[in-house]
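Colleague: Predicted model and sequence below, questions to follow.
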Amino acid sequence: MADSDTTTPPGTPPPSLADMQHWTWVLGRAQQMLLEQGLATMSASNPLFPAIPGLTDPATIARTQDFWTQSLSLWQRMLDPAQPAPRAESPERARDRRFKDSRWHDDPVFDFIRQSYFLVSDTMLAQIEALDGVDDKQRDHMRFTARGFLDAMSPTNFPATNPEVIEKTIETRGENLLKGLQNMLADLGKGQLTHTDQSAFELGRNIAMTPGKVVHRTDLYELIQYSPTTENVLATPLVIFPPWINRFYILDLSPEKSFIRWAVEQGITVFMVSWRSADATMKHVVWDDYIAAQIDAIDTIRGALDVPAVHTIGYCVAGTTLAATLAILAARGEADKVASATFFTAQVDFEKAGELLHFVADDQLALIRSLTPDGFLDGRYMAAVFNQLRGRDLIWNYVTNNYLLGKDYAPFDLLHWNGDTTNLPAEWHIAYLTDLYRDNRLAKPGAMSALGTPIDLSQVATPAYIQAGREDHIAPAESVWAMMHHFVGPRRFVLAGSGHIAGVVNPPSAQKYQYWLNPKPVERFEDFVAGATETKGSWWPDWREWLRSLGDDPVSADGPRVPGAGSLPALGEAPGNYVRTR
């Protein structure tokens, strides 16, 4: 029992707001004085305590003092919302979608939580920027790690500090948390975060619907030929090489978004490679096999349609591989097999390859080796890596909505594709990360070989259309631009609005985004941007006109231009079997 002399006398009124503000100021000021005295004792001017960089140097002390001063101001403002904010809020903070609920701004308690979170975030990131003796690569890795940690620690991710979750919990009497727990346990069971209603889409029914047939199959890929929809087509056919990290139908989502359907409608004979998802029988597959597959597809189409050359498209890692394929064909004297090469967000020089460079350290490579005892890497690992690159949108947004609020998953074809993972041959995937990302060997003539031929990109004279995404975090636009310095043939660079997926999958009918062109020859990406002209909408029509400008007479869309009607028999309907294998 408490001593009687410490008990509040009956009838004593509770402290007023002014009293609370006063004592908050007294306690805060006392804390600040103690902190200042402790830091002064350890300051650089005290010979007993030499300055420790990042801890007791004058700049760090000043930042620490500023942090505590602003913290105290935020606390006082919570008690008296009429007081001015201790610092102006940046437009980026004001637009932060995590805090779109009005209570994060209007309620003093939640505004304090939000502002305190931003203060801690800014202080941590500023401390990283101020560190001495850290090279650019280390600092960039520290920034990436800190941002990931801060995104995870956002008050929106916790039920007790999110006003929307609190309201929903009271409203549903906790049913939202039970539904969220059900969602979380289901994701744990399948080892993958769910982003959309997976039952809403079915291959061949409402995605990957463009009519066509599988006309060639190997142990590594299926070749799909699409049915013409025009009376005449360009004489030179097109073969598309998608990344084997994902399913090919990113270019054939709904009919309105499908690049394949649109290209067929432009009078182009379109072939698509569909890669097989790796299993234990593919543990010996390496880069040479993917290059050989590209050459095999090119030769198969040339023979079936009796044409001297094909147009090609390589997306992401398949574009990197296409560059190597072109170099090998050039070295063999067979460059004329390819009439043109289009690159969707592909890199050949990885010096500025962006955030994926954070995943090529020795410990990351060791982790991949430990995860691949059967010779292949489960596609869910790569999905988790790509989710981490945009953790705020692809991880924590779903933790809040589907685990805490218990919301149902909305149908979204792009996110369905994103979750449809493919397994990767482990030996080649580790070599890819090591040789290309970490050691940047492809950018050095002769440093890499495939199929017994040294790879020298400076021998590639094939006309090239090089597309990059302005906001691409997987293949940064400046990194894609480096391709302009490695090829020697005619090159056209286009910078598209948006990122790695939406910057590519942007049909003209959507009337979204924009693209930039700069006809003047420039050396640096910055100069391209400075002199570029913006055009609203999709870059697809620009690519179509570029393709036609290479000179190509139309031919009748019959005979071997119809899938299964020529020397290549139909083996099955599009989208084929390999796109369905796990």
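Modeller: Sure, I can see it.
Colleague: Which residue, neighbours along the chain excluded, lies closest to Arg147?
Modeller: Once flanking residues are discounted, Arg147 sits nearest to Leu125: 7.6 Å by Cβ to Cβ, 6 or more residues apart in numbering. Quick note: C-beta positions are derived from backbone N, CA and C, even for glycine.
Colleague: cool, and Gly566?
Modeller: Using Cβ to Cβ, 6+ apart and skipping the chain neighbours, the partner closest in space to Gly566 is Pro560 (2.7 Å).
Colleague: residues in contact with that neighbour?
Modeller: Ala304, Leu305, Asp306, Gly566, Ser567, Leu568 (Cβ atoms under 8 Å, 6 or more residues apart in numbering).
Colleague: Could you do Phe241 as well?
Modeller: So, once contact is read as Cβ under 8 Å, 6+ apart, Phe241 ends up touching Val273, Gln294, Ala297, Thr312, Ile313, Gly314, Tyr315, Ala318, Gly319, Thr321, Leu322.
Colleague: Is it bridged to anything, and to what?
Modeller: Assessed by DSSP bridges, Phe241 has beta-bridge partners Gly314.
Colleague: Can you say which helix or strand has Leu177 in it?
Modeller: Following DSSP states H and E, the helix or strand that holds Leu177 is helix 175-190.
Colleague: Can you show me the strands along the stretch 201-350 of the chain?
Modeller: Secondary structure of the stretch 201-350 of the chain, counting by DSSP state E, counting those that start in this stretch: strands at 212-217, 221-226, 232-234, 238-241, 270-275, 310-315, 338-344.
Colleague: Redo these as JSON lines? Include mean pLDDT and distance to Lys536.
Modeller: Shown next, in JSON lines, are the strands of the stretch 201-350 of the chain (pLDDT from 0 to 100; distance: least, Cβ to Cβ, whole Å):
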{"stretch": "strand 212-217", "mean pLDDT": "98", "distance to Lys536": "32"}
{"stretch": "strand 221-226", "mean pLDDT": "98", "distance to Lys536": "29"}
{"stretch": "strand 232-234", "mean pLDDT": "97", "distance to Lys536": "27"}
{"stretch": "strand 238-241", "mean pLDDT": "98", "distance to Lys536": "26"}
{"stretch": "strand 270-275", "mean pLDDT": "98", "distance to Lys536": "26"}
{"stretch": "strand 310-315", "mean pLDDT": "98", "distance to Lys536": "24"}
{"stretch": "strand 338-344", "mean pLDDT": "98", "distance to Lys536": "20"}
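Colleague: Show the contacting residues for Asp219.
Modeller: Residues touching Asp219, when contacts are defined by Cβ under 8 Å, 6+ apart, comprise Arg276, Thr281, Met282.
Colleague: The nearest residue to Arg580 once chain neighbours are set aside bridge partners, please.
Modeller: Leaving aside its chain neighbours, Arg580 sits nearest to Leu203 (6.5 Å; criterion: Cβ to Cβ, 6+ apart). Residues found in beta-bridge contact with Leu203 (criterion: DSSP bridges) are Ile207.
Colleague: what residues are up against Leu203?
Modeller: With contacts defined as Cβ under 8 Å, 6+ apart, the neighbours of Leu203 are Tyr249, Pro575, Val579, Arg580.
Colleague: Narrow these to just the buried residues.
Modeller: Burial by neighbour count, 16 or more other Cβ atoms under 10 Å: within the contacts of Leu203 this picks out Tyr249, Pro575, Val579.
Colleague: can I assume the first one is in contact with Val579?
Modeller: Yes: the pair Tyr249 / Val579 is scored as a contact, 6.5 Å apart, by Cβ atoms under 8 Å.
Colleague: what's the burial count for Phe528?
Modeller: Phe528 has 22 neighbours, counted by other Cβ atoms under 10 Å.
Colleague: would you say it is within a strand?
Modeller: No: the assignment for Phe528 is helix, going by DSSP: H, G, I helix; E, B strand; the rest coil, so no strand is present there.
Colleague: unless I'm mixing things up, it is touching Val522, no?
Modeller: Yes: with contacts counted by Cβ under 8 Å, Phe528 reaches Val522, the gap being 5.2 Å.
Colleague: of all the contacts of Pro560, which two lie farthest apart?
Modeller: Of all pairs drawn from these, the one with the largest separation by Cβ to Cβ is Asp306 and Leu568; the distance is 11.9 Å.
Colleague: So those two - more neighbours on which side?
Modeller: Ranked by neighbour count (other Cβ under 10 Å), Asp306 and Leu568 place Leu568 first, with 21 against 10.
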